[in-house]
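In: Using only what follows, build the 3D model:
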Amino acid sequence: MRAYLPVTPAELAVDELPQRELTVPEYRPDADPETSEYEAFMQAANQSLRLLGDALPGGDREVPFTYCLRSVISLEVSEPLVDTGYSWADVVAIHVDDPEVAELVASALAGDADSVAELEDEALMWFDPVERTGLLATLEL
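Out: Residues are numbered from 1 along each chain as shown. The predicted structure follows:
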């Protein structure tokens with residue numbers, strides 16, 4: 001089953017994934033499974049935004065752009081409701097905002113409701129897990 005782990009860009013650089021609750025698709029008999037997966041994915045992206053806000057020291061909203069990118073990890077797991085026991089071996093994709101939207105993310109972190117709404121329309125970039133090292137270098141992490 002596909003599940004989504006909201007993370008911060010800095011958490012992409014650690015050897016062990018943070019063990020927090022995964023976001024999973026809510027399958028409904030009348031809903032398209034891809035729509036359910038997308039909704040869960042976007043929920044994880046929104047949770048990543050909250051994690052970014054929580055990680056800012058002392059409420060400081062002036063931070064480097066690499067810290068203003070939503071990040072989500074897609075996992076293939078058998079028990080998605082368990083919030084422990086997954087690792088980088090379970091990762092099937094890494095998703096990160098395009099650096100071009102960092103200002104929009106920073107505005108959302110500063111409390112701009114319009115920016116938060118605009119982020120709903122911004123697609124996160126997709127990376128294969130083998131590209132992680134290059135992604136981290138690009139993000140200067």
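In: Let me see the contact set for Q47.
Out: Q47 makes contact with 6, 23, according to C-beta atoms under 8 Å, 6 or more residues apart in numbering. (Each C-beta comes from the backbone N, C-alpha and C, glycine too.)
In: Can you give me the buried ones in the helix or strand where it lies?
Out: Using DSSP states H and E, Q47 sits within helix 33-55. Going by neighbour count (16 or more other C-beta atoms under 10 Å), the buried part of helix 33-55 is 36-37, 40-49, 51-52.
In: Out of the residues you listed, flag the one nearest to D15.
Out: Ranked by distance to D15 (C-beta to C-beta), the buried residues of helix 33-55 are led by L51 at 18.7 Å.
In: Check the spacing between the residue lying closest to that closest one once chain neighbours are set aside and S107 real quick.
Out: Once flanking residues are discounted, L51 sits nearest to T8: 5.2 Å by C-beta to C-beta, 6 or more residues apart in numbering. Distance of T8 to S107, given as C-beta to C-beta, to the nearest Å: 18 Å.
In: what does M1 give?
Out: For M1 relative to S107 (C-beta to C-beta), the value is 35 Å.
In: which of the two has more neighbours?
Out: Neighbour count, other C-beta atoms under 10 Å: between M1 and S107, S107 has more, with 19 against 14.
In: Quickly find the element holding that one.
Out: Going by DSSP H and E, S107 is in helix 102-109.
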